[in-house]
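# Got a predicted model here, sequence first, then my questions.
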Amino acid sequence: MNSQAIFCVTSKGVELALKINEKFESDIFVLEKFVVHKTISFNSLKEIVRENFSKYRYLVFIMATGIVTRVIAEHIQTKDIDPAIISIDETGTFVIPLLSGHLGGANEKSKEIADFIKAIPVITTATDVSGKIAVDALAQNLNCKLKDLESAKNITSMILQGKKVEIKLPQNISLDNKNSEGFILITNKENIKYTQIVPQNICVGIGCKKDTSSENILDFLKELFQQQNLSLKSIKVIASAWVKMNEHGLLESAKILGKQIVFYEKADILEFEDMVEEKSDFVKETIGVYGVSEPCAFLASNKKGRFLIKKSKKNGIAISLFEEE
């Protein structure tokens, strides 16, 4: 998923978009009659938004909020998958996060843009205006993903009502252990509300034979995640080799999971080829490297952590799982 797109329909809007682009690199979509260098022209705002709604993390509209509301309405799903939607008036006076304020990062991005262009950020989410933190905001700050929206909403409601809510840190003697598989709760309460946030720290490296189906890839991936007692929500990114950039089954798998997929060039993989324990002469002769899944999983990570699965193979598919610290 690309980072940020800006849409504008007036000449003043284009000027403001170019200014924002000085600090926040963006693809700038401009109504055809106002197009200038390094901008992308369009004739229909409705059509260009339909084409790009799911391609960017942040969608910034420099126009009236009423227009924005109408043009995004048909694309809205749930806040855990919708992009951040931000509206700015063409004079650059107000920056308004309209959608995905917490999980999508619209609130924080609005504050950053407003600070840069000397505008006023208009934040309306209840927890922000009351000086409290929402569960989805906590998940965002911890770079985690909510297990479900309903329980998060319930706990956030309790926070807003001033009720006591605890954050349980899995310790297992040491505070450094950030992932637990169970907890003991000591309380005299009959009904306990809880929610779970899932760290997105699993980098998945995948190599596969040509024309491998997404069904086979996903079945194998789910099998390995079940073996490791991992949630599929914990996937940070899927990675593979440059030769798989047009592999339909692999691309479809990433799309179904709603995860970013990245592809690494031969030179990048060769740099970490020594970590491939089970070297394949066939793969070496075919594409010039001894293995794909292990180095790609590592390349996609922050390089700190460990392999949960160095490489597992089934039906022409090789998968490696790297867990970031």
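Right, received. Where do you want to start? Being a predicted model, the structure only gives us computed values, none of them experimental. Residues are numbered from 1 along each chain as shown.

# Neighbours of the residue lying closest to residue 266 once chain neighbours are set aside, how many?
Leaving aside its chain neighbours, residue 266 sits nearest to residue 288 (5.5 Å; criterion: Cβ to Cβ, 6 or more residues apart in numbering). (Glycine included, C-beta is placed from N, CA and C.) Using other Cβ atoms under 10 Å, residue 288 has 14 neighbouring residues.

# what's the answer for residue 306, then?
10.

# Please apply the same query to residue 11.
For residue 11, the neighbour count with other Cβ under 10 Å is 13.

# So it versus residue 67, what's the distance?
Distance, residue 11 to residue 67, using Cβ to Cβ, to the nearest Å: 16 Å.

# One more: residue 243?
For residue 243 relative to residue 67 (Cβ to Cβ), the value is 44 Å.

# who's more crowded, those two?
Shown here are residue 243 and residue 67; by other Cβ under 10 Å, residue 243 has more neighbours (17 against 14).

# In space, what's closest to that one - neighbours in sequence excluded?
The nearest residue in space to residue 243 (Cβ to Cβ, 6+ apart) is residue 287, at 5.3 Å.

# what residues go with each domain of this structure?
2-124, 135-198, 200-324 (automatic domain parsing).

# among these, where is the model least confident on average?
When those are ranked by mean pLDDT, domain 135-198 comes last with a mean of 70.

# Next, the distance between the ends of it.
One end of domain 135-198 sits 12 Å from the other (Cα to Cα, to the nearest Å).

# Count the residues that sit near residue 41.
With other Cβ under 10 Å as criterion, residue 41 counts 13.

# Surely it is within a strand?
Yes - counting by DSSP: H, G, I helix; E, B strand; the rest coil, residue 41 is located in a strand.

# What's opposite it in the beta bridge?
residue 30 (DSSP bridges).

# Might one say that it is in contact with residue 30?
Yes - with contact defined as Cβ atoms under 8 Å, residue 41 counts as touching residue 30 (6.0 Å).

# Now do the same contact list for the nearest residue to residue 104 once chain neighbours are set aside.
In space, and not counting its chain neighbours, residue 104 is closest to residue 84: 3.5 Å by Cβ to Cβ, 6+ apart. By Cβ atoms under 8 Å, 6 or more residues apart in numbering, residue 84 lies in contact with 57-59, 97, 99-101, 104-106, 109.

# What about those residues, which are in helices?
Residues of these located in helices (DSSP state H): 106, 109.

# want to throw the contacts of residue 84 into TSV with neighbour count?
Output for the contacts of residue 84, formatted as TSV (neighbours: other Cβ atoms under 10 Å):
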residue	neighbour count
57	17
58	23
59	30
97	27
99	19
100	26
101	26
104	24
105	19
106	29
109	23
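
# Now render the contacts of residue 84 as CSV, adding distance to residue 258.
Formatted as CSV, those follow (distance: Cβ to Cβ, whole Å):
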residue, distance to residue 258
57, 13
58, 17
59, 17
97, 22
99, 17
100, 14
101, 20
104, 13
105, 16
106, 18
109, 20
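
# In the stretch 101-250 of the chain, mark out all the helices, start to finish.
Secondary structure of the stretch 101-250 of the chain (DSSP state H, counting those that start in this stretch): helices located at 106-117, 126-129, 135-141, 149-160, 214-227, 248-257.

# Was I right to think the residue nearest to residue 266 contacts residue 267?
No - using Cβ under 8 Å, residue 288 is not in contact with residue 267; the gap is 9.9 Å.

# what angle do the top strand by length along the chain and helix 214-227 make?
Longest strand in the chain by number of residues, with DSSP state E as the criterion: strand 305-314. Using axes from the mean of the first three to the mean of the last three Cα atoms, to 10 degrees, the inter-axis angle of strand 305-314 relative to helix 214-227 is 130 degrees.

# in its sheet, what does the helix or strand just after strand 305-314 sit against?
Downstream of strand 305-314, the first helix or strand assigned by DSSP states H and E is strand 317-324. Strand 317-324 has the following sheet partners, assigned by DSSP bridges: strand 202-208 (antiparallel), strand 305-314 (antiparallel).

# Extract the CA atoms of strand 317-324 and return them as CSV.
Only the C-alpha atoms of strand 317-324 are listed here, as CSV (Å, rounded to 0.1, in the frame of the first residue of the first chain):
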residue,chain,number,x,y,z
ILE,A,317,5.5,-23.9,-1.5
ALA,A,318,8.3,-22.8,0.9
ILE,A,319,7.4,-20.5,3.8
SER,A,320,9.6,-18.9,6.4
LEU,A,321,8.3,-17.0,9.5
PHE,A,322,10.4,-14.3,11.1
GLU,A,323,9.2,-12.7,14.4
GLU,A,324,10.4,-9.2,15.1
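
# That one vs helix 248-257, what angle?
Using the same axes, to 10 degrees, strand 317-324 lies at 40 degrees relative to helix 248-257.
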